[in-house]
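*Asks:* predicted model follows, preceded by the sequence.
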Amino acid sequence: MKTKPYSELRKRMTPERRAESAARAKMMLLQINLMELKESLALTKNELENDLSFF
């Protein structure tokens, strides 16, 4: 199977689909950052939620 560069596939996406893809990527990065923060601070999910609840 021949592969295509992502840039070529991206050109064929609608602007709405590109925006959705960008938003999903940002959410994934935020989730990864939160997981790493939680892990580095050795916090439970509940402790992290309580600490972030003031935002």
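*Replies:* Thanks, I have the structure now. Numbers count the residues shown, from 1 in each chain.
*Asks:* doesn't residue 43 make contact with residue 51?
*Replies:* Yes: the pair formed by residue 51 and residue 43 meets the contact definition of Cβ atoms under 8 Å, at 7.2 Å. Placement of C-beta: from N, CA and C, glycine included.
*Asks:* distance of residue 50 relative to residue 41?
*Replies:* With distances defined as Cβ to Cβ, to the nearest Å, the gap from residue 50 to residue 41 amounts to 13 Å.
*Asks:* what helices or strands is the helix or strand that contains residue 18 leaning on?
*Replies:* Assigned by DSSP states H and E, residue 18 belongs to helix 15-41. Under the contact criterion of 3 or more Cβ pairs under 8 Å, 6 or more residues apart in numbering; DSSP states H and E, the helices and strands touching helix 15-41 comprise helix 45-52.
*Asks:* so what touches the helix it packs on?
*Replies:* Applying Cβ atoms under 8 Å, 6 or more residues apart in numbering, the set of residues contacting helix 45-52 from outside is 34, 37, 38, 41, 43.
*Asks:* among those residues, name the buried ones.
*Replies:* Using 16 or more other Cβ atoms under 10 Å as the burial test, those include no buried residue.
*Asks:* which one of these is nearest residue 19?
*Replies:* Within the set of the contacts of helix 45-52, residue 34 lies nearest residue 19; the separation is 22.7 Å, counting by Cβ to Cβ.
*Asks:* near the residue nearest to the closest one when sequence neighbours are not counted, how many other residues are there?
*Replies:* With Cβ to Cβ, 6 or more residues apart in numbering as the criterion, residue 34 has its nearest non-adjacent residue at 7.3 Å, and that residue is residue 48. The number of residues packed around residue 48, counting by other Cβ atoms under 10 Å, is 15.
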